[in-house]
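Student: Provide a 3D model corresponding to the input given below.
(2 chains)
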Amino acid sequence: MLEVQNLSVSYRGNCALHDVSFLIPSGQLVGIIGPNGAGKSTLVEAMLNLIPSTQGVVRFKGRSLKNQLLNTSYVPQRSLIDWDYPATVWNVVMMAQTVQAGMFRGFSRKARHLACAALERVGMYDLRSRPIGELSGGQQQRVFLARALAKEAELLIFDEPFTAVDRKTEDIIFDIFDELRAEGKTLLVINHDLGDSLAIYDQLLLLNKRLIAQGPRQEVVTSDNLERAYGRGLARVFA
Amino acid sequence: MLDLILEPLSLSFMQRALMLGILLGILCAIVGSYMIVQQMGMLAHAISHSVMAGLPIAYVVGLALSVGALVAGVISALVLYLIESRSRVKTDAAMALILTSFVAIGVTLVSVIPGANRIDLVHVLFGNILGVTMQEIWWTLVVTVVGITLVRLFFKELLFYTFDPKGAQASGLPVRWYNASLIVAMTVTIVVCLPTVGALLVVALLVAPAVTAYLLVKELHQMMWLGSVIGALSSVIGMYLSYYLDAPSGAAIVLVSFCFFCLAFIFSPSDGLLSGLWTQRRRAKLTNHEH
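Tutor: You can find the predicted model right below:
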């Protein structure tokens, strides 16, 4: 169970997130939707303690999430990454095992094995020696997915994983999300798109600075809720 | 030809200068590689000038000038961080402000504090590798060995942090410490290089060999290895040119490293200007052929 209680964040006195609370049972795939600037990334970053929150508690399986970061995989937005960085696919996937390996130590055989398995699962094993800058947007996203898989975490958080991806990658991501859900893992995915892709989620969180609605797609994507989140014009298009 | 190479080696000041040059070439390439992937080039520039504020203070207090320079460099980075994080002022404006203000502090104190005017500001600005002492070489050796050891010990953590700071933080890595350590490492390197190339040119020594290697290889550790070789070669060739042309040593080293960069920029098989043109022409030919 992932439990967020009264989470609030402000930047220099401006409220970025106000009093957000929700519960997510384990083994669910949950989408976070909302307009630009709604605080979707702020929510996950505050949950992971990457930015300070003014109030709130985040627990996973009964314990504070910030003490369970080894059990959490986080894939940031692709725009935050310098794709010209001198690193290969293999370097990036092995990052998943950096903390587990421990300080002053190299990677274990098990860590390498996990990285190989994850790369094979996303269909990127043959390109493991490629510089990440030479990959397409979809391939880069698959490398990040492999990195998340190689950590073997119970909670996986993705910030806009479908940005700049091709159809093949989208299908691979959907399949792997399904498999992870079946394994009992909890997935939290920020989704920019309001289209058909929302059908994959068990439930949605609709956000605009505060939590506007939570539940299955048909309960959340209503004209009333969308109007509260996006304003009148867009609500008419999507409802 | 052999005489041309051996003649300067018979002079003890040239032996010392070459030893120091090779050490600095290696140290700067390693620290410079992190600087490039972290996009901290302008920060290095600001720090390299800000260190001047610490010189007269260290002189008056009776500390080594390098200690004063180090403290002033770190303080300038802290003030910069404070301005950036606590106001709407953007990085470039804050850097320009700090750089000039710290230089102004240095220049003012040198003329105001009694006795401090013995500090040769021209020497601080331009350096002179030919005047280095054995003690400076030992210090540089210690700093280089400590630097290489730390990079080896923390390589995987720093790779993660410099590639994906948010991801690294979300994994529980102490990213603030890594950031602070990189800034301190950069400041220490700048201070060690000051007597050699001076505040005006030190950033070139940090940037040029590493960025040349960046155009030629695919991984960070390769960038450090190749950058070290290019850095050491630049120092040695620059020193020989300085000896025979009677040119300032710092400027000669920087110009040689820039020549290496130009070669990589034009001829790099993956990123070079020529390979880019070649690929474009081939694509154009193929398209014409299809039509």
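Student: ramachandran angles for the most centrally placed residue in chain A?
Tutor: The residue lying closest to the centre of chain A (C-alpha atoms, centre = their mean) is A:Phe158, at 1.3 Å. When read as degrees, to the nearest 10, the backbone of A:Phe158 gives phi -120, psi 130.
Student: distance of it relative to B:Pro8?
Tutor: To B:Pro8, A:Phe158 is 60 Å away according to C-beta to C-beta, to the nearest Å. Where you see a C-beta, it was placed from the backbone N, CA and C, and this is true even at glycine.
Student: same check on A:Arg109?
Tutor: For A:Arg109 relative to B:Pro8 (C-beta to C-beta), the value is 52 Å.
Student: who has more neighbours, these two?
Tutor: Shown here are A:Arg109 and B:Pro8; by other C-beta atoms under 10 Å in any protein chain shown, B:Pro8 has more neighbours (17 against 7).
Student: what does that one show for phi and psi?
Tutor: Dihedral angles (degrees, to the nearest 10) for B:Pro8: phi -60, psi -30.
Student: then the one 3 residues further on?
Tutor: Here is the backbone geometry of B:Leu11 (degrees, to the nearest 10): phi -90, psi 130.
Student: neighbours of it, how many?
Tutor: Using other C-beta under 10 Å: B:Leu11 sits among 12 other residues.
Student: repeat that for B:Ser85.
Tutor: 7.
Student: list the contacts of it.
Tutor: By C-beta atoms under 8 Å, 6 or more residues apart in numbering or on different chains, the contact list for B:Ser85 is empty.
Student: mind checking which helix or strand it is in?
Tutor: helix B:65-86 (DSSP states H and E).
Student: also B:Val89?
Tutor: With DSSP H and E as the test, B:Val89 turns up in no helix or strand.
Student: please apply the same query to the one 3 residues further on.
Tutor: Here B:Asp92, judged by DSSP H and E, is contained in helix B:91-112.
Student: how about the helix or strand following that helix: buried residues?
Tutor: Note on helix B:91-112: by DSSP H and E, the next helix or strand toward the C-terminus is helix B:121-126. Within helix B:121-126, the residues scored as buried using 16 or more other C-beta atoms under 10 Å in any protein chain shown are B:Leu121, B:Val124, B:Leu125, B:Phe126.
Student: and which of those residues is nearest A:Thr54?
Tutor: B:Val124 (46.5 Å; C-beta to C-beta).
Student: from chain B, how far off is the residue nearest to the centre of chain A?
Tutor: 12 Å (C-beta to the nearest C-beta, to the nearest Å).
Student: likewise for A:Leu206?
Tutor: Applying C-beta to the nearest C-beta to A:Leu206 and chain B gives a distance of 24 Å.
Student: ramachandran angles for the residue sitting furthest away from the middle of chain A?
Tutor: The centre of chain A is farthest from one residue, A:Phe104, which by C-alpha atoms, centre = their mean lies 29.5 Å away. Main-chain dihedrals, A:Phe104, degrees, to the nearest 10: phi 60, psi 10.
Student: can you get me a residue count around the closest residue to it other than its chain neighbours?
Tutor: Nearest non-adjacent residue to A:Phe104, counting by C-beta to C-beta, 6 or more residues apart in numbering or on different chains: B:Leu153, 5.2 Å away. Look at B:Leu153: counted by other C-beta under 10 Å, it has 13 neighbours.
Student: buried residues in the longest helix along chain A?
Tutor: What stands out as the longest helix in chain A, according to DSSP state H, is helix A:167-182. Of all the residues in helix A:167-182, those buried under the rule 16+ other C-beta under 10 Å are A:Thr169, A:Ile172, A:Ile173, A:Ile176, A:Phe177, A:Leu180, A:Arg181.
Student: direction included, what does the next helix or strand after that helix pair against?
Tutor: Once the chain leaves helix A:167-182, the next helix or strand it forms, by DSSP H and E, is strand A:186-190. Strand pairing for strand A:186-190, determined by DSSP bridges: strand A:29-33 (parallel), strand A:155-159 (parallel).
Student: picking up where we left off before, mind giving me the packing neighbours of the helix holding B:Asp92?
Tutor: On a contact count with 3 or more C-beta pairs under 8 Å, 6 or more residues apart in numbering or on different chains; DSSP states H and E, helix B:91-112 meets helix B:41-50, helix B:54-61, helix B:65-86, helix B:121-126.
Student: off-centre distance for the helix or strand containing B:Tyr178?
Tutor: According to DSSP H and E, B:Tyr178 maps onto helix B:175-214. Distance, stretch centre to chain centre, for helix B:175-214: 3 Å (C-alpha atoms, centre = their mean, to the nearest Å).
Student: before we move on, what about stretch A:192-212?
Tutor: 13 Å.
Student: what's the span of that stretch, first residue to last?
Tutor: 16 Å (C-alpha to C-alpha, to the nearest Å).
Student: now that stretch: average pLDDT?
Tutor: For stretch A:192-212, mean pLDDT is 88.
Student: confirm for me that B:Thr133 is in contact with B:Phe13.
Tutor: No - using C-beta atoms under 8 Å, B:Thr133 makes no contact with B:Phe13, being 9.8 Å away.
Student: pLDDT below threshold where in the chain?
Tutor: In the absence of a named chain, chain A is used. A:233-239 (pLDDT under 70).
Student: ah, I was thinking of chain B
Tutor: Looking at chain B by pLDDT under 70, you get B:290-291.
Student: how about the contacts made by B:Ser268?
Tutor: Applying C-beta under 8 Å, 6+ apart, the residues contacting B:Ser268 are B:Leu215, B:Leu216, B:Ser275.
Student: quick check: nearest residue in space to the residue in the stretch 1-150 of chain B that chain A sits nearest to, chain neighbours excluded?
Tutor: The stretch 1-150 of chain B approaches chain A most closely through B:Val37 (5.8 Å), counting by C-beta to the nearest C-beta. In this structure, B:Val37 finds its nearest non-sequential neighbour in B:Thr162, 4.9 Å apart by C-beta to C-beta, 6+ apart.
Student: which of the residues in whichever strand or helix holds the one you found are buried?
Tutor: Secondary-structure assignment from DSSP H and E places B:Thr162 in helix B:155-163. Within helix B:155-163, the residues that qualify as buried are B:Lys156, B:Glu157, B:Leu158, B:Leu159, B:Phe160, B:Tyr161, B:Thr162, B:Phe163, counting by 16+ other C-beta under 10 Å.
Student: now these in a markdown table, with distance to B:Tyr178?
Tutor: Listed next are the buried residues of helix B:155-163 as a markdown table, based on distance: C-beta to C-beta, whole Å:
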| residue | distance to B:Tyr178 |
| --- | --- |
| B:Lys156 | 12 |
| B:Glu157 | 7 |
| B:Leu158 | 6 |
| B:Leu159 | 11 |
| B:Phe160 | 9 |
| B:Tyr161 | 5 |
| B:Thr162 | 8 |
| B:Phe163 | 12 |
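Student: tell me the one among these nearest to B:Val203.
Tutor: Scanning these for proximity to B:Val203, where the rule is C-beta to C-beta, the winner is B:Thr162, at 18.6 Å.
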